[in-house]
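**Q** Please work out how this folds:
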Amino acid sequence: MFEPSTVFRRSSRQVSCDLNGEAAILHLDQSVYFGLKGVGAQVWLALENPQSLAELNRLVCKEFEVDS
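**A** Residues are numbered from 1 along each chain as shown. Okay, here's the model as predicted:
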């Protein structure tokens, strides 16, 4: 398990774009595309800047009106 203070950041080996609230991600080394929507897309967009697990948890709870 991760500690609440653990910081996550996007990999420098991936590029992405926002597609109407969804995220399209290209892994540069493997030439594989990934698509995220909903919670996954929100977390990916939030990771434009490094975020702690606690910060990501607050974001998800607020955006999706759920409890931890």
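
**Q** For the biggest helix by length in the chain, C-alpha coordinates in CSV please.
**A** Scanning the chain for the helix with the most residues, using DSSP state H, yields helix 53-64. Taking C-alpha atoms only, helix 53-64 is exported to CSV below (Å, rounded to 0.1, in the frame of the first residue of the first chain):
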residue,chain,number,x,y,z
LEU,A,53,-2.1,10.3,-2.9
ALA,A,54,-3.9,12.4,-0.3
GLU,A,55,-4.4,15.2,-2.9
LEU,A,56,-5.6,12.7,-5.5
ASN,A,57,-8.0,11.2,-3.0
ARG,A,58,-9.4,14.6,-2.2
LEU,A,59,-9.8,15.4,-5.9
VAL,A,60,-11.7,12.1,-6.6
CYS,A,61,-13.9,12.5,-3.6
LYS,A,62,-14.8,16.1,-4.5
GLU,A,63,-15.3,15.5,-8.3
PHE,A,64,-17.3,12.3,-8.0
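
**Q** How about it, which residues are buried there?
**A** 55-56, 59-60 (16 or more other CB atoms under 10 Å). For glycine as for every other residue, the C-beta is placed from the backbone atoms N, C-alpha and C.

**Q** which helices and strands does it pack with?
**A** strand 7-8, helix 39-46 (3 or more CB pairs under 8 Å, 6 or more residues apart in numbering; DSSP states H and E).

**Q** And that helix, how far out from the chain middle?
**A** 11 Å (CA atoms, centre = their mean, to the nearest Å).

**Q** and it, average pLDDT?
**A** In this model, helix 53-64 has a mean pLDDT of 97.

**Q** how big is the angle separating that helix from helix 39-46?
**A** Helix 53-64 and helix 39-46 are oriented at 120 degrees to each other (axes from the mean of the first three to the mean of the last three CA atoms, to 10 degrees).

**Q** Between which two of the buried residues of helix 53-64 is the distance greatest?
**A** 55 and 60 (9.9 Å; CB to CB).
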